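J.: next comes the sequence, and after it the predicted model I'd like to discuss.
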Amino acid sequence: MRHFRSWMGLMLIFVWGSLAGQAQEKVLRGFVKDDHSDEPIPFASIGFSGSKVGRLSDSSGKFVFHFSKWPSDTLLVTYAGFEEMRIALDTARPIIELVIKLQRKRQVEGVVVKSKLGRGILLWRKIVKNKVRNDRRQFDRFGYELYNKMEIDLNNVNAEKMQKGILPPKPFKFILNNIDTLSEEKPILPIYLIETLSDYYVQQNPHKTREIVKASKSIGLKNESVTKFLGGTYQNINVYKNFIPVFDKDFVSPISDDGDLYYNYRVPDTQYIGGKRIFHLVFQPKRKGTNTFHGDAWIVDSSFAVQKMNLQVSDGSNVNFIEKLSLVQEYQLVKDSIWFLAKDKFIANIRLTGPNNLSLIGRKTTTYDKIRIKEDGPPLSMDEDFVNDKRVEIIQLSDSAMDRTSSYWNKNRHEDLSANEHNFYRMADTLLKMPAFEKYSEWLKFIGTGYRLVGNYEIGPWMNWISGNIYEGLRLRFDLGTNYRFNKNVYLSSYLAYGTKDQKVKGKLEALFMLGKDPRSSIRLLYKKDMDYGQTYFDEIGYDNLFALTSRKTAVPIKLIRIEQQKVEYFKEWRTGLSLTTSLHRKIYDPIQNLPLKNDFSVTDNAGNFNDFQFNIKLRFAYLERFLQDDFFRTSLGSDYPVTELYFSKGVKGIFNSGYSYSKLTFSISDYLKVPPLGNIYYNFYAGRVNGRLPYMLLNIAPGNEIYYYNKYAFNLMNRFEYIFDRYTGLNIEHNIGSGIFRILPQKKYLKLRQFWNAKMMWGSINAENSALNIQQDFPFTSLNGKTYLELGTGIDNILRFFRVDLVWRVAPQPLPVEGYKRFGVFGSFRFSF
């Protein structure tokens, strides 16, 4: 019994001692990550201020300390290229858990660090030397499964303000429950989310890519072309290239062949991960105002491949609305020797107004799995259709891609959704079923785009409803059309207009029949009886709207023609980028204001008939042109190659009382070239010829501009109908330099002014017959007769992010045709651009 008591006593002492020891143990654990990209920071230095106690975070950014007592009450965290952080600790707590967010250092204004021949520049040289063998483009063929996730959040959400009126009343108050106030420094509210899962294949010889979208799920916008655009074909970022695209700008890669001209490099430390030696390369721009990054990279010894690179757009970069932007690329080891892309991450803070107002956060994450390279055999399907398909880029959407179940996504997505993303899906399911939500969405669309859906119909655009001129007086117009609910393959549109002064009704009826969307084909029927308001070029402002009413040149007489026209058009496009447009087109012209009338053409061969019937054919080639497409119409996102057009028109006399027999041929080639780091260049070369004796409206009329809104495609100091030709050629060039001279001028970073210059020139002539018929003393037009018309311009772009001012000089010909024409003009315009 005595021995039993002794053993019990010893046991109690042991247990008590163990509990006491555990009670005295102090534990600090945490996770260090980038404040903006949320990426873990490996090997950050974590130490206690005033002591020698410290350690590094591991390769995943985690760390843990165990103490019997706290070394101090302040934690010091440092990492090369980031701001130092001091954290006060509550030492009364035995266990402390931290998530430490470090911010990247900003480049100090006016300070330029001179680069020396040190470890940094030597490591950069070895990376560049080995780029070709480390770039995935070296492989003859490769493929992978690609998972894309993009989320857009409202940032800095003020729930109290939204409750007081910013958010529509009662039905939508539940949205406020989805505001995240915990995981983010500022409250956020998700508003858009899209996921895609696809198989992607690359073949180098001949070069061809194929993407099969297996699944797509989106909240906020369901559009097949958006799904394709956000896949792997168009969203490829490669740090081994000399330039990295950021929106519509090209930034110099830190491992560019000329990187030492733009960056300073240093190697603060070296670590071992999985038995491999890894160099830590830190880089910073040499100069402010250049399109560069600051950040760091981990480089594998011996192969000098990138294991991970973190990029953040540097201060002074001339990109609009971007408060902060980060790019991350992470690579994984494949086959023991190949570092292949494993993860892409893109995070952008977009701010339109002040720092305390609502802003947007865009996050895009791409992961790569099931990687197969050359000798593994074809990574993805190489069926006969693929082999025979001549397209260089093939994107296919599987039939069930848009209808995948939640269980499919749970099984196949590469990474789990966050709690925020799960909540957003639930919130969106509720929101999209609410009639009130559809109502508010339609009104917002009406204000932004001009169009409003009403049942099976649409009205708009509202900006065309009120305009005016000296002939019609106040012009009122109303547009009505159908939408996809009426018929998914037929679009009908119309408008009626009325002038309070001429008291005449004008209008249009149009029908579009979609025969196919991929590739596109259609038939279009048109009847229109209205005023001709002059040339309208692509994205430029026309004359029949509210804005033109306030910006017209006061000293220039308005020229008006009433036109009645009927048109039948067939359009066919092939996947090669070639398209064919054929049409039968009848026009009856009736000049009514400041132009020669029918009676002024009293000639024996009925040149005053002004009734024209023509057959037209247009061939257009735009290789790898990209589009965003809705139900019936689409917007071109451009092509990386020149766009060429060939247009032939044949006038036939005697059909529906037509009075003219002639032929026209025109040709044009245009391109938008990126020339980093010198900005971009747009050019358009065109030429044409008309054969036949014709009145002025059937000849070529040089494009003039009679409003103070700058027109990119016209001569802005030339009036409409000033010059006519039956043979001509011309060239337009515009070079957008970027910051240019404004880089060296003292300007606050929020100004971001941009510089450009342009030149527009034209040569033209008219034969003796057409000159005798059209160039008379009382007529307003003339011809260049082989002389050069030249306008030169420059100005300031990106004023307050939206506005542009053009200074334009009319250099030739000399002298000016008549008194009242100007050698110099100032024009304005606005646009949205990053």
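T.: Noted; the coordinates are in hand.
J.: how about the strands in the stretch 451-600 of the chain?
T.: 452-454, 457-459, 466-469, 473-482, 490-499, 505-517, 520-532, 560-573, 578-593 (DSSP state E, counting those that start in this stretch).
J.: mind putting these into CSV with distance to Gly704?
T.: Where you see a C-beta, it was placed from the backbone N, CA and C, and this is true even at glycine. Below are the strands of the stretch 451-600 of the chain laid out as CSV (distance: least, C-beta to C-beta, whole Å):
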stretch, distance to Gly704
strand 452-454, 34
strand 457-459, 33
strand 466-469, 16
strand 473-482, 22
strand 490-499, 24
strand 505-517, 23
strand 520-532, 14
strand 560-573, 14
strand 578-593, 16
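J.: would you turn these into TSV with mean neighbour count, mean pLDDT and distance to Arg125?
T.: Below are these laid out as TSV (neighbours: other C-beta atoms under 10 Å; pLDDT from 0 to 100; distance: least, C-beta to C-beta, whole Å):
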stretch	mean neighbour count	mean pLDDT	distance to Arg125
strand 452-454	15	86	60
strand 457-459	18	90	60
strand 466-469	18	82	63
strand 473-482	17	92	62
strand 490-499	18	94	59
strand 505-517	15	94	51
strand 520-532	17	93	49
strand 560-573	17	93	48
strand 578-593	17	93	46
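J.: which stretch among those strands comes nearest Met762?
T.: With C-beta to C-beta as the criterion, Met762 lies closest to strand 520-532 of these, at 21.5 Å.
J.: any idea how far the nearest residue to Arg524 once chain neighbours are set aside lies from Thr353?
T.: Among residues not flanking Arg524 along the chain, Glu569 sits closest, at 4.2 Å (C-beta to C-beta, 6 or more residues apart in numbering). Remark: distance between Glu569 and Thr353 (C-beta to C-beta, to the nearest Å) = 44 Å.
J.: how near is the residue positioned nearest the centre of the chain to Ile322?
T.: With distances taken as C-alpha atoms, centre = their mean, Phe247 lies nearest the centre of the chain, 5.5 Å away. As judged by C-beta to C-beta, Phe247 and Ile322 stand 8 Å apart.
J.: which residues do those two both contact?
T.: Shared contacts of Phe247 and Ile322 (C-beta atoms under 8 Å, 6 or more residues apart in numbering): Phe834.
J.: in which helix or strand would I find Gln332?
T.: Here Gln332, judged by DSSP states H and E, is contained in strand 322-334.
J.: list the helices and strands that strand packs on?
T.: Where contact means 3 or more C-beta pairs under 8 Å, 6 or more residues apart in numbering; DSSP states H and E, strand 322-334 is packed against strand 243-246, strand 306-313, strand 338-350, strand 359-373.
J.: swap in 7 Å and give it another go.
T.: strand 306-313, strand 338-350, strand 359-373 (3 or more C-beta pairs under 7 Å, 6 or more residues apart in numbering; DSSP states H and E).
J.: tell me which strands that strand pairs with, and in which orientation.
T.: strand 306-313 (antiparallel), strand 338-350 (antiparallel) (DSSP bridges).
J.: unless I misread the structure, Val282 falls within a helix.
T.: No: the assignment for Val282 is strand, going by DSSP: H, G, I helix; E, B strand; the rest coil, so no helix is present there.
J.: enumerate every residue touching it.
T.: Ala80, Gly81, Arg266, Pro268, Asp296 (C-beta atoms under 7 Å, 6 or more residues apart in numbering).
J.: start and end of stretch 757-774, how far apart?
T.: 35 Å (C-alpha to C-alpha, to the nearest Å).
J.: once you drop chain neighbours, what's closest to the residue nearest to the centre of the chain?
T.: Nearest non-adjacent residue to Phe247, counting by C-beta to C-beta, 6+ apart: Phe834, 3.8 Å away.
J.: these two touch, right, the one you found and Leu325?
T.: No: counting by C-beta atoms under 7 Å, Phe834 stays clear of Leu325, with 10.1 Å between them.
J.: where do the helices of this protein begin and end?
T.: All helices of the chain, identified by DSSP state H, fall at 2-24, 119-129, 131-134, 159-161, 224-229, 384-388, 406-412, 419-432, 435-449, 546-549, 768-774.
J.: the ones you listed: lowest mean pLDDT?
T.: Here the helices of the chain differ in mean pLDDT, and the lowest is helix 2-24 at a mean of 46.
J.: hmm, who's touching stretch 771-779?
T.: Pro596, Ala607, Arg693, Pro695, Tyr696, Ile724, Phe781, Thr782, Ser783.
J.: just the C-alphas of stretch 517-526, formatted as PDB.
T.: Coordinates of each C-alpha in stretch 517-526 appear next as PDB, following Å, rounded to 0.1, in the frame of the first residue of the first chain:
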ATOM      1  CA  LYS A 517     -22.700  31.900 -86.800                       C
ATOM      2  CA  ASP A 518     -19.500  29.800 -86.900                       C
ATOM      3  CA  PRO A 519     -18.500  30.500 -89.600                       C
ATOM      4  CA  ARG A 520     -20.800  33.500 -90.100                       C
ATOM      5  CA  SER A 521     -23.200  33.800 -93.000                       C
ATOM      6  CA  SER A 522     -26.300  36.000 -93.400                       C
ATOM      7  CA  ILE A 523     -28.800  37.700 -95.800                       C
ATOM      8  CA  ARG A 524     -29.800  41.300 -95.300                       C
ATOM      9  CA  LEU A 525     -32.700  43.300 -96.700                       C
ATOM     10  CA  LEU A 526     -32.900  47.000 -96.500                       C
END
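J.: now tell me what touches it from outside.
T.: Residues contacting stretch 517-526 (C-beta under 7 Å, 6+ apart): 510-515, 566-575.
J.: now for those residues, which pair is the farthest apart?
T.: Longest distance between any two of those is 31.9 Å, between Gln566 and Arg575; criterion C-beta to C-beta.
J.: list the contacts of the residue nearest to Lys345 when sequence neighbours are not counted.
T.: Leaving aside its sequence neighbours, Lys345 sits nearest to Val328 (C-beta to C-beta, 6+ apart; 3.9 Å). By C-beta under 7 Å, 6+ apart, Val328 lies in contact with Ser37, Glu39, Asn310, Lys345.
J.: could you find the closest non-adjacent residue to the third one?
T.: Just to be clear, that refers to Asn310. Ranked by C-beta to C-beta, 6+ apart and with sequence neighbours excluded, the top spatial neighbour of Asn310 is Gly295, at 4.5 Å.
J.: name whatever forms a beta bridge with that neighbour.
T.: With DSSP bridges as the rule, Gly295 is bridged to Phe283, Leu311.
J.: repeat that for Asp199.
T.: Following DSSP bridges, Asp199 is listed with bridge partners Glu145, Ile212.
J.: which residues are in contact with it?
T.: Counted by C-beta under 7 Å, 6+ apart, Asp199 has contacts Gly143, Glu145, Ile212, Lys214, Leu380.
J.: need the contact list for the residue lying closest to the fourth one once chain neighbours are set aside.
T.: What it means is Lys214. Nearest non-adjacent residue to Lys214, counting by C-beta to C-beta, 6+ apart: Leu197, 5.1 Å away. The contact partners of Leu197, taken as C-beta under 7 Å, 6+ apart, are Tyr147, Lys214, Ala215, Asn412, Arg413.
J.: measure Leu197 to Phe346 for me?
T.: 18 Å.
J.: also Gln777?
T.: For Gln777, the distance to Phe346 - C-beta to C-beta - is 65 Å.
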